[in-house]
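A.B. asks: got a predicted model here, sequence first, then my questions.
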There are 2 protein chains.
Amino acid sequence: MSFGRDSYHHGNLREALVEAARRLIAERGLGGFAFAELARAAGVSPAAPYRHFRDRGALVAELALRGFAMLREDLLTAWNDGRPDPAAAIERCGRAYLHFARRDPAAYAAMFDGTPGETDPALRAAADAAFAVVRNAAEAACAAAPTRNRPPALMVALHVWTLCHGTASLFTGPPSPGRRPLPMTPEDLLEAGLLVYLRSLGLGG
Amino acid sequence: MSFGRDSYHHGNLREALVEAARRLIAERGLGGFAFAELARAAGVSPAAPYRHFRDRGALVAELALRGFAMLREDLLTAWNDGRPDPAAAIERCGRAYLHFARRDPAAYAAMFDGTPGETDPALRAAADAAFAVVRNAAEAACAAAPTRNRPPALMVALHVWTLCHGTASLFTGPPSPGRRPLPMTPEDLLEAGLLVYLRSLGLGG
DNA sequence: AAGCTCATGTGAGCAGGGTTTACATCACTG
DNA sequence: CAGTGATGTAAACCCTGCTCACATGAGCTT
């Protein structure tokens, strides 16, 4: 369990690599970390990381996997069984979503901009589990809505997720050319959007 | 004006590079094109592209610039002065937005995932011009809404843009780990979302 | 037509990254 | 205490981004 490298083996290389990548991606974007650079930061030879990750993509996938697990927990806490009412709880979920995207931009990028290629089943499962929280919230919201205005719960969940992701993608993280200047916080923009949307379903204030 | 390279000079290198980049980015993502590869595809030495673009980022910025101009035109056409009514016209804009993201995924990526660094003023202006169309549509929609339910037009524009971008980002282009399987087309999902949202403002329906 | 100029392309070259392979070290286990 | 498997090293390969001095030739001036 040595960190400063007093022995031949690092003792914690895998974690060190993940954390170094998290830092670099947060600073310079998804493409902004070099495998060799991580190795250097850990005080290890350029080939060492390959003992822990098949390639760069595998490290990004690991980051995404952990990200989905954390996001799921944050959403579960925010949902809090829909108390005091589904609309308020969903707005809390929106804030939690943005908070997560801000707190761990590297994981967020890995989750939504990463690996155009094949997707590992465990990763897909983690993504499903995170979405399931929103899906469940949408079910509760629809159950609480007047019968006439009930759209399918899955669609509501997708709309909520879309609004959250759109807000996070456009207004947090590294600025892209398409980023608009905001006259309010992203949190307030999202809350207002969710409010308007849910009101149309007969929910909220 | 030679293409197959019968003379020392290419004659159209700049355009050839942009088009090759567009193709490669569409296939392999934003990081998936090599400057040297573009040169090879154009039958030119690896140093030649640097006569036309300062670096890789400059080419991406060019793609983004053209993208915003095209998107603006598409949105203007879709808006069609708000006929027959603002809600219907805004939904048409949403479809146009998705259609653009699908038709030119490389430009779309350059516009919204590109260059974490400084942004050229012309690029910013092009982005502003495209957003202005939506902004204008939101003004018209708000003007048509019952007085009690009028949120600020800018906020409505931002919500619409966010919904469009969220949908495009999550459900078109190269699949990311966070992508959900959809029981409908992205177009229908977005249309439904805009419908619910605008209904809350007292429009459409 | 002669000559100048400048945009455009070339070739060579440097630093550095991704990845593989054969080998070294070491913790653990029987 | 030897054997084994996990972990790190060294060296090597090719590719990329980018720079610089130089070559080419299109178009303008005269």
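C.D. replies: Now that the structure is in, tell me what you want to look at.

A.B. asks: next, give phi and psi for residue A:146.
C.D. replies: phi -60, psi 140 (degrees, to the nearest 10).

A.B. asks: hmm, it is touching residue A:202, no?
C.D. replies: Yes: counting by Cβ atoms under 8 Å, residue A:202 is a contact partner of residue A:146 at 4.3 Å. In short, each C-beta sits where N, CA and C put it, glycine included.

A.B. asks: which of the two has more neighbours?
C.D. replies: residue A:202 (15 against 9; other Cβ atoms under 10 Å in any protein chain shown).

A.B. asks: element containing that one, please.
C.D. replies: Counting by DSSP states H and E, there is no helix or strand that carries residue A:202.

A.B. asks: and the pLDDT at residue A:102?
C.D. replies: What the model reports as pLDDT for residue A:102 is 97.

A.B. asks: that one touches residue A:167, doesn't it?
C.D. replies: No: with contact defined as Cβ under 8 Å, residue A:102 does not count as touching residue A:167 (11.2 Å).

A.B. asks: neighbour count: these two, which is higher?
C.D. replies: Neighbours were counted for residue A:102 and for residue A:167 using other Cβ under 10 Å; residue A:167 has more, 28 against 14.

A.B. asks: check contacts around the closest residue to that one other than its chain neighbours.
C.D. replies: Distances taken as Cβ to Cβ, 6 or more residues apart in numbering or on different chains put residue A:190 closest to residue A:167, at 4.4 Å, once the chain neighbours are dropped. Residues near residue A:190 by Cβ atoms under 8 Å, 6 or more residues apart in numbering or on different chains: A:94, A:95, A:97, A:98, A:163, A:164, A:167.

A.B. asks: okay, angle between whichever strand or helix holds residue A:190 and helix B:186-200 too, please.
C.D. replies: Using DSSP H and E, residue A:190 sits within helix A:186-200. Counting by axes from the mean of the first three to the mean of the last three Cα atoms, to 10 degrees, helix A:186-200 points 80 degrees away from the direction of helix B:186-200.

A.B. asks: how distant is helix A:186-200 from the center of its chain?
C.D. replies: Centroid displacement of helix A:186-200 relative to its chain, using Cα atoms, centre = their mean, to the nearest Å, is 19 Å.

A.B. asks: and it, which residues are buried?
C.D. replies: Judged by neighbour count (16 or more other Cβ atoms under 10 Å in any protein chain shown), helix A:186-200 contains these buried residues: A:186-187, A:189-200.

A.B. asks: from those residues, which is closest to chain B?
C.D. replies: For the buried residues of helix A:186-200, the minimum distance to chain B (Cβ to the nearest Cβ) is 3.7 Å, reached by residue A:200.

A.B. asks: how about the contacts made by the nearest residue to residue A:87 once chain neighbours are set aside?
C.D. replies: With Cβ to Cβ, 6+ apart as the criterion, residue A:87 has its nearest non-adjacent residue at 3.5 Å, and that residue is residue A:204. With contact taken as Cβ under 8 Å, 6+ apart, residue A:204 is in contact with A:85, A:87, A:88, A:195, A:198.
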